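[1] Dropping the sequence and predicted coords here.
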Amino acid sequence: MEGYRKNSHTVYDIKYHVIWVTKYRYKVLGGHIAVRVRDLIRQGCEARGITILQGSVGKDHIHLLLSCPPSIAPSKILQYLKGRSSRLLQDEFPEL
């Protein structure tokens with residue numbers, strides 16, 4: 001049973017491999033922006049009880065391998081992570 005996560009009524013091992021790209025694949029995720037987006041994604045995942053197993057930030061895309069509870073739909077996870085990170089990044093970095 002190693003590697004399985006448990007809730008009150010479930011035992012699960014759900015993993016999602018997620019890749020998302022910037023609009024028009026513009027290479028804007030570098031330097032300070034890449035560090036900040038990584039921190040925002042970590043904070044968002046901790047708040048929702050999602051574990052990041054692997055992840056990387058490229059110049060024009062983000063790779064994540066996530067383990068999450070079965071009560072959260074994959075579309076809702078991405079809606080939350082992408083929406084929050086996008087809004088906060090555009091506030092902090094006006095050049096975006």
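    In hand now; what should we look at? Residues are numbered from 1 along each chain as shown.

[2] all contacts plus neighbour counts: C-alpha atoms, from now on.
    Will do.

[3] do you know how far the residue nearest to the spatial centre of the chain is from Lys82?
    A centroid search over the chain (CA atoms, centre = their mean) returns Ile41, at 4.7 Å, as the residue closest to the centre. Ile41 sits 8 Å away from Lys82, going by CA to CA, to the nearest Å.

[4] Flag every buried residue along whichever strand or helix holds Leu53.
    Applying DSSP states H and E as the criterion places Leu53 in strand 51-57. Within strand 51-57, the residues scored as buried using 16 or more other CA atoms under 10 Å are 52, 55, 57.

[5] can I get the residues you listed in TSV with distance to His17?
    Listed next are the buried residues of strand 51-57 as TSV, based on distance: CA to CA, whole Å:
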residue	distance to His17
Ile52	10
Gly55	9
Val57	14
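
[6] between these, which is nearest Val21?
    Nearest to Val21 among those, counting by CA to CA, is Val57 at 10.1 Å.

[7] lowest average confidence, helix or strand, in the protein?
    strand 5-6 (a mean of 85; mean pLDDT, DSSP states H and E).

[8] immediately after it, which helix or strand?
    strand 11-12.

[9] in its sheet, what does that next one sit against?
    Here strand 11-12 has these sheet partners by DSSP bridges: strand 5-6 (antiparallel).

[10] ok, back up a step: after the strand holding Leu53, which helix or strand is next?
    Using DSSP H and E, the helix or strand that follows strand 51-57 towards the C-terminus is strand 61-67.

[11] Mind listing what's buried along that following strand?
    61-62, 64-67.

[12] If you count contacts, what does the following helix or strand past that strand end up packed against?
    Under the assignment DSSP H and E, the closest C-terminal helix or strand after strand 61-67 is helix 74-92. Counting contacts by 3 or more CA pairs under 8 Å, 6 or more residues apart in numbering; DSSP states H and E, helix 74-92 packs against helix 32-48.
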